[in-house]
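S.K.: Dropping a prediction and its sequence here:
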Amino acid sequence: MKMPIRIALTILTIIGMLALVTQIGELLPDNAFGQIISIPFSMFIGLLGGSILSQLSKPVPFAGWVSKCRRMVGIHPPKKAGPLYAVRGWYSGYSDNNLKGIHKSWPGQQMEARCFMLHRAPDWDCRCGINCYKDARSWNDGDYHDLPIWGIVELSGRVIEHERGYRAEKAKVVAVCPRIPDYPIQLEFDVPIFTSFEHMCQEYGLLT
């Protein structure tokens, strides 16, 4: 997490804790009993605030289907030359014929990641970026087989490499394949539509 964001969150946390203590203090009876109760409560609020601040000072690991960042591929390019392809899935477009990810609809053939923390995506201290798998084997070992459309994307910009996948700044759809045969796919852009997932991955060098 970037230093200005940490400082801002720290200030907001301290202000919030002070405001909470003040509000609770006004609700307690103004006698000896109220004063006795306020001491452990204030200690609890202090410990809670300290715990939150300590968490803000730590990098946030990316949890889920990938783990353990190995290198920033966009800064330290991978050994193999040429486009960087990966596998991911979508829901089908409904009225607008666009692909829909787990959290967001794609505006068209290309998607660019934007993080609400206002830093460039992806960042290792955050969970932002476009998630995808390295190859067919990683995809088959993953958790998103219920998505009706599988496909190949070409990654660009900043890319963080994990053990089984990537988080990318930009991704462009280059091929799709329905999970169920004869599943209708209607898109606003032209890409190859495969009938076999293995054939699609083999075509882009992702069948390992």
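M.R.: Happy to help now that I have it. As the structure is a prediction and not an experimental result, all values here were calculated from the model.

S.K.: Please spell out the segments of the protein that come in under the pLDDT threshold.
M.R.: 1-10, 12-13, 16-81, 93-96 (pLDDT under 70).

S.K.: What is the neighbour count of residue 170?
M.R.: As a burial measure, residue 170 scores 19 neighbours (other Cβ atoms under 10 Å). C-beta here means a position set from N, CA and C on the backbone, and glycine is covered the same way.

S.K.: Tell me if it really is in a helix.
M.R.: No. Per DSSP: H, G, I helix; E, B strand; the rest coil, residue 170 lies outside any helix segment and is strand.

S.K.: And it, how far from residue 189?
M.R.: Separation of residue 170 from residue 189 (Cβ to Cβ, to the nearest Å) stands at 15 Å.

S.K.: cool, and residue 176?
M.R.: Where residue 189 is concerned, residue 176 sits at a distance of 10 Å (Cβ to Cβ).

S.K.: Neighbour count: the two, which is higher?
M.R.: Ranked by neighbour count (other Cβ under 10 Å), residue 176 and residue 189 place residue 176 first, with 21 against 13.

S.K.: The more buried one belongs to a strand?
M.R.: Yes. Read with three-state DSSP, residue 176 is one of the residues of a strand.

S.K.: out of everything not next to it in sequence, what's closest to it?
M.R.: residue 151 (3.9 Å; Cβ to Cβ, 6 or more residues apart in numbering).

S.K.: hang on, isn't that neighbour packed against residue 177?
M.R.: Yes. Judged on Cβ atoms under 8 Å, residue 151 makes contact with residue 177 at a distance of 6.4 Å.

S.K.: between the two, what contacts are shared?
M.R.: Applying Cβ atoms under 8 Å, 6 or more residues apart in numbering, one finds that residue 151 and residue 177 are jointly contacted by residue 200.
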